[in-house]
Structure formats: C-alpha cells, structure tokens
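>>> this one's sequence-less:
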C-alpha cells in the first residue's frame, strides 16, 4: 500500500482487513536530529531508533482506531477529518 492514497487504507479496513502502518513512537513528525544516515549497497537511507508499527483496525469521520503493540492498548488518534466517508 506504500505510495497509495490514504483512502486505500480506509477501503481495506472497510473490507474487514486491518492494516499495519509504520510510524514513530511519538506519532508526530520527528526532528532531523532523530535520524541517522546508513550507507547501503543500494544507496543511503535515513533511519531512526524511534520507528514503530501499529495495526489500524477502524475509523470514523474524525479518528483512526489502532492497536499499539508497545503497550497492548487500543487507541483513538484524533487527526481531524479522516476522509469523505
């Protein structure tokens, strides 16, 4: 799903399939100092120790619901209007 519009996540969840999403442990944009550059055979990549993944399980017009394996809870992340659903 990488590179697709967020509506594809909504469609997948609507079809009963949860979606794994990569984020960071703060759920906010990180400062540049939080990243390091790794030089790989395929070129440099930016990495952070704050990388995190969650399982998106649902939504409503203003929130995304997700399971957070870090603390084992189900959370609601308010982000304003999610989509035109």
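Received it, and whenever you're ready, just let me know what you need. Computed from a predicted structure; not experimentally measured.

>>> So residue 7: helix, strand or coil?
helix (DSSP: H, G, I helix; E, B strand; the rest coil).

>>> average pLDDT for the host helix or strand of residue 52?
Assessed by DSSP states H and E, residue 52 sits inside strand 51-59. Here strand 51-59 scores 93 as its mean pLDDT.

>>> and the helix or strand following that strand with strand 51-59, angle?
Using DSSP H and E, the next helix or strand after strand 51-59 towards the C-terminus is strand 63-68. Counting by axes from the mean of the first three to the mean of the last three CA atoms, to 10 degrees, strand 63-68 points 130 degrees away from the direction of strand 51-59.

>>> how about the helices in this structure?
Taking DSSP state H to define them, one finds helices in the chain at 6-14.

>>> Flag the shaky bits of it, pLDDT-wise.
Along the chain, segments meeting pLDDT under 70 span 78-85.

>>> same thing but at 50, please
Within the chain, the stretches with pLDDT under 50 are 80-81, 84-85.
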